[in-house]
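**Q** sharing a sequence plus its predicted fold:
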There are 2 protein chains.
Amino acid sequence: MNLLLFDAPFEVTRLAGDDPRAQHLLKVLQARVGTRVFVGFVRGLRARAEVTLVEADGAITLKVVGAELSPSPLPIRLLIGLPRPHTAKRLLFEAASMGVQALHFFESEQSEPSYAQSSLWTTDAWKERLRLGTEQSFATHVPEVAMHTDLQSAISFLQGSGAHLALDNYEAAGSLPEVLGDGAESAVIALGAERGWSAGERDVFRKNGWRLAHLGAHVMRLETACSAAIAATAACLGFYETQTSTLL
Amino acid sequence: MNLLLFDAPFEVTRLAGDDPRAQHLLKVLQARVGTRVFVGFVRGLRARAEVTLVEADGAITLKVVGAELSPSPLPIRLLIGLPRPHTAKRLLFEAASMGVQALHFFESEQSEPSYAQSSLWTTDAWKERLRLGTEQSFATHVPEVAMHTDLQSAISFLQGSGAHLALDNYEAAGSLPEVLGDGAESAVIALGAERGWSAGERDVFRKNGWRLAHLGAHVMRLETACSAAIAATAACLGFYETQTSTLL
């Protein structure tokens, strides 16, 4: 992890010895008094903190010594047909690490009903994946996550300004850069579950003004396609130019 | 897998019962006489083949019933500081599934010497990852792989026309789309091992005319950054427009 996320800002805080963050500090980062680490406050500032006390039981006291703005999330939201839990775990981490704003899920026709019953979704495991991805990203925006009852409800929720497109290998109107065009200030990208969209789902997208787009002739796994689509969209719409690289 | 790769073209072939492809056909695809599957001939055609015989021991005979051109690889080559074997495994698969032309590796200053001793590289395991990635891609171009002794040798090998850039979070001259510019017909993208480039390596890149580029302020894992850089480059340089989507 590139920073330690905390839910609320602090100036000084004490992590108990059984807190995973204290254990990470001691075991992985081999922290001792004087060690400086990056911390982040969820959807708030990023800061440098110094270890001011290490107790015998592993409890660690951190004191903030300087704070700065965290990078803004990319103005990209995803709409994803609920995939296999193994795939969803990767997607949650990778999308968070790339800085997307939000992930919306729904049970698509090719999703299996069992996917939603996975412990990934019935426990807080999904939140943990988002948190780890955000810590990887070196930023503080944990993406919002929503689960919709069906595609039309999700689309209605996500309508508005910006580009709206669905990745599709079968009936794309053109490549993602062509379909995106120029000048949109935000984008919503839909990706099907592993087996793609049904004919009915394609019709729902088109009726709602979404365009079907491809990312070349190579067939990627869903998690690869997701990272590729985020990056291609961010590149085409000029979002990366608005950010500077990070001095880690 | 989206197709079964074969090293050499055939019109009719018999897979022994202990061939993993025969086992995949029987167990995963539940093939029987008359089942049609996609096959590919390495760096050659993609074809439909029909199961014409299933023997008692699981041996399967396939007959080609129609062939077509496979998608061309993206005109993108990667130069990668040798990462942890776990990361390298993912990179090999994902880069192959995205259709890159070649992967070049070298032991960068932040690579551990033990990485090259991994069974991934001392056995044919790396070839298997490439093959699986290519089967995923639904194309037949298995990327070339080379291991160079050092960065300067790799750079000398990769010089020539096209864009040459190295991803870097610290000293980027601009974002990847800015640094790429317009109109290059091919690209070489360098990515560091997990801990990035040394100051000396950055100098070697710059002295050789390579430009350092970032992909936004979010810090991705190497394998995510790799997929993101491939897609952003392909999108910016118009490579996806030259391909049509695939009817699987």
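**A** Perfect, thanks for sending it. Numbers count the residues shown, from 1 in each chain, chains lettered A, B, ... in the order given.

**Q** got the CA positions of the helix or strand encompassing A:Ser97 in CSV?
**A** Assigned by DSSP states H and E, A:Ser97 falls within helix A:85-98. Provided in CSV are the C-alpha atoms of helix A:85-98 (Å, rounded to 0.1, in the frame of the first residue of the first chain):
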residue,chain,number,x,y,z
PRO,A,85,-16.8,-12.9,-7.4
HIS,A,86,-13.2,-13.6,-8.3
THR,A,87,-13.4,-11.2,-11.2
ALA,A,88,-15.4,-8.7,-9.1
LYS,A,89,-12.6,-8.7,-6.5
ARG,A,90,-10.1,-7.7,-9.1
LEU,A,91,-12.3,-5.1,-10.7
LEU,A,92,-13.0,-3.4,-7.4
PHE,A,93,-9.3,-3.2,-6.6
GLU,A,94,-8.2,-2.1,-10.1
ALA,A,95,-10.9,0.4,-10.7
ALA,A,96,-10.2,2.0,-7.3
SER,A,97,-6.4,2.0,-8.0
MET,A,98,-7.1,3.9,-11.3
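
**Q** partner strands of the following helix or strand past it, with direction?
**A** Next helix or strand after helix A:85-98 toward the C-terminus (DSSP H and E): strand A:100-106. Take DSSP bridges as the rule and strand A:100-106 pairs in its sheet with strand A:74-81 (parallel), strand A:144-148 (parallel).

**Q** list the contacts of the last one.
**A** Translated: strand A:144-148. The contact list for strand A:144-148 (CB atoms under 8 Å, 6 or more residues apart in numbering or on different chains) reads A:92, A:101-106, A:116, A:121, A:126, A:130, A:154, A:157. (Glycine included, C-beta is placed from N, CA and C.)

**Q** which of the residues you listed are buried?
**A** A:92, A:101-106, A:116, A:121, A:126, A:130, A:154 (16 or more other CB atoms under 10 Å in any protein chain shown).

**Q** nearest to B:Glu171, of those?
**A** A:Gln101 (28.2 Å; CB to CB).

**Q** could you find the closest non-adjacent residue to that closest one?
**A** A:Pro73 (4.4 Å; CB to CB, 6 or more residues apart in numbering or on different chains).

**Q** quick one on the thing from earlier: tell me the most buried of the strands paired with strand A:100-106?
**A** Comparing these by mean neighbour count (mean count of other CB atoms under 10 Å in any protein chain shown), strand A:74-81 comes out on top with a mean of 24.

**Q** residues contacting that strand, please?
**A** A:91, A:95, A:98-108, A:110-111, A:154-155, A:158, A:162, A:166, A:185-193, A:197, A:201, A:226, A:230, A:233-234, A:239, B:216, B:218.

**Q** now stretch A:143-162 - C-alpha only, CSV.
**A** This file holds the C-alpha atoms of stretch A:143-162, laid out as CSV (Å, rounded to 0.1, in the frame of the first residue of the first chain):
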residue,chain,number,x,y,z
PRO,A,143,-15.2,5.0,-5.2
GLU,A,144,-18.9,4.9,-4.5
VAL,A,145,-20.5,1.6,-5.1
ALA,A,146,-24.2,0.9,-5.9
MET,A,147,-26.1,-2.2,-6.7
HIS,A,148,-29.1,-1.7,-9.0
THR,A,149,-32.1,-3.9,-9.5
ASP,A,150,-31.9,-3.9,-13.3
LEU,A,151,-30.3,-2.3,-16.3
GLN,A,152,-33.0,0.2,-17.0
SER,A,153,-32.9,1.5,-13.4
ALA,A,154,-29.2,1.8,-13.5
ILE,A,155,-29.3,3.6,-16.8
SER,A,156,-31.9,6.0,-15.5
PHE,A,157,-29.8,6.7,-12.5
LEU,A,158,-26.7,7.4,-14.6
GLN,A,159,-28.3,9.5,-17.4
GLY,A,160,-27.2,13.1,-17.7
SER,A,161,-24.3,14.9,-19.3
GLY,A,162,-21.1,13.2,-20.6
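
**Q** quick one: mean pLDDT over that stretch.
**A** Averaged over stretch A:143-162, pLDDT sits at 96.

**Q** phi first, then psi, for A:Leu45.
**A** When quoted as degrees, to the nearest 10, the phi and psi of A:Leu45 stand at phi -80, psi 160.

**Q** residue contacts, it?
**A** A:Leu45 neighbours (CB under 8 Å, 6+ apart): A:9, A:67-70, A:140.

**Q** same question for A:Tyr240.
**A** A:Tyr240 touches A:234, B:175-177, B:214-216, B:232, counting by CB under 8 Å, 6+ apart.

**Q** what's the farthest-apart pair in these?
**A** A:Ala234 and B:His214 (11.7 Å).

**Q** between those two, who's got more neighbours?
**A** A:Ala234 (31 against 23; other CB atoms under 10 Å in any protein chain shown).

**Q** can you tell me the closest non-neighbouring residue to A:Ala166?
**A** Here the residue nearest A:Ala166, using CB to CB, 6+ apart, is A:Ala190, at 3.8 Å.

**Q** whoops, A:Ala31 was the one
**A** A:Ala31's closest residue in space is A:Leu25 (CB to CB, 6+ apart), at 4.2 Å.

**Q** from what I see, the one you found and A:Phe38 are in contact.
**A** No. Using CB atoms under 8 Å, A:Leu25 is not in contact with A:Phe38, being 11.6 Å away.

**Q** who touches both of these two?
**A** With CB under 8 Å, 6+ apart as the test, A:Leu25 and A:Phe38 both reach A:Leu4.

**Q** so for these two, which sits in the more crowded spot?
**A** A:Leu25 (23 against 16).

**Q** mind listing what's buried in the least confident helix or strand in chain A by mean pLDDT?
**A** Every helix and strand of chain A was ranked by mean pLDDT, DSSP states H and E. The lowest is helix A:20-23, at a mean of 93. Within helix A:20-23, the residues that count as buried by 16+ other CB under 10 Å are A:21-22.

**Q** do stretch A:3-10 as well
**A** Here stretch A:3-10 shows A:3-6 as buried, counting by 16+ other CB under 10 Å.

**Q** output those residues as JSON lines; include the columns secondary structure.
**A** Shown next, in JSON lines, are the buried residues of stretch A:3-10 (DSSP: H, G, I helix; E, B strand; the rest coil):
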{"residue": "A:Leu3", "secondary structure": "coil"}
{"residue": "A:Leu4", "secondary structure": "strand"}
{"residue": "A:Leu5", "secondary structure": "strand"}
{"residue": "A:Phe6", "secondary structure": "strand"}
